[in-house]
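Q: when you get a sec, could you give me coordinates for this:
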Amino acid sequence: MSRIGKQPVALPDGVTAEIEGSELSVKGPKGTLTMSLADDLEYKVEDGKILVTPANDTKQARSFWGMQRTLVSNLVVGVTDGFTKTLEITGVGYRAQSQGKTLKLQLGYSHDVDYAIPEGIEIKTPDQTTVEISGIDKQQVGQVAAEIRKWRKPEPYKGKGIKYRGEYIFRKEGKKK
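A: Take a look at the predicted model:
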């Protein structure tokens, strides 16, 4: 039995959910998100809650149960509050600047890195070493953060690079003389 899957997903005020065929659409103050439904599970919208239950007692249905309930929960949180990831840039001369639909990164290369901001994502740079990525789709926010971080991952000797806020970089000792 899935402990996560057994819990219903509560719909806050101003959020509506509809099941049409094999798609669940959740509409809220920040927008609308849709998700395709798994075949081995049953979804019900009733009394301001979304219930996810296995349709049969197969191993696949039980293994999808908790994950699908979490994905439904992410839809509800996304259309009400949204998701945010914060990146911190460390290094001499490393900086970021948001310019319209592009993010300009200076990361020690001979050229600037211009990252085109995808639709549905908002990027803010409160200062030159902080990048805040926000949006309603959790997967898309995480993907954009990973793509930006990929340009200069933090290195273990001085810690230079792009890291997530709160991420611990395992530091190595330098060469001995």
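Q: for the strand or helix carrying L33, packing partners?
A: Following DSSP states H and E, one finds L33 within strand 31-36. Packing partners of strand 31-36 (3 or more C-beta pairs under 8 Å, 6 or more residues apart in numbering; DSSP states H and E): strand 23-28, helix 59-80. In short, each C-beta sits where N, CA and C put it, glycine included.
Q: with mean pLDDT, distance to Q99 and mean neighbour count added, can I get those in JSON lines?
A: Formatted as JSON lines, these follow (pLDDT from 0 to 100; distance: least, C-beta to C-beta, whole Å; neighbours: other C-beta atoms under 10 Å):
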{"stretch": "strand 23-28", "mean pLDDT": "93", "distance to Q99": "30", "mean neighbour count": "19"}
{"stretch": "helix 59-80", "mean pLDDT": "93", "distance to Q99": "26", "mean neighbour count": "18"}
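Q: ok now do the spatially most central residue of the chain, which residues does it touch?
A: The centre of the chain sits closest to K138, judged by C-alpha atoms, centre = their mean, with a distance of 2.9 Å. Each residue near K138 by C-beta atoms under 8 Å, 6 or more residues apart in numbering is listed here: N74, V77, G78, F83.
Q: same question, G14
A: G14 neighbours (C-beta under 8 Å, 6+ apart): G28, P29, T80.
Q: now those residues in JSON lines, with distance to Q7?
A: As requested, those are exported to JSON lines (distance: C-beta to C-beta, whole Å):
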{"residue": "G28", "distance to Q7": "20"}
{"residue": "P29", "distance to Q7": "23"}
{"residue": "T80", "distance to Q7": "17"}
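Q: nearest to G21, of those residues?
A: Nearest to G21 among the contacts of G14, counting by C-beta to C-beta, is G28 at 21.0 Å.
Q: gap between the residue nearest to the closest one when sequence neighbours are not counted and L33?
A: Take G28 and drop its neighbours on the chain: the residue closest to it by C-beta to C-beta, 6 or more residues apart in numbering is V79, 3.0 Å away. In this view, V79 and L33 are 6 Å apart by C-beta to C-beta, to the nearest Å.
Q: who touches both of these two?
A: With C-beta under 8 Å, 6+ apart as the test, V79 and L33 both reach V26, I136.
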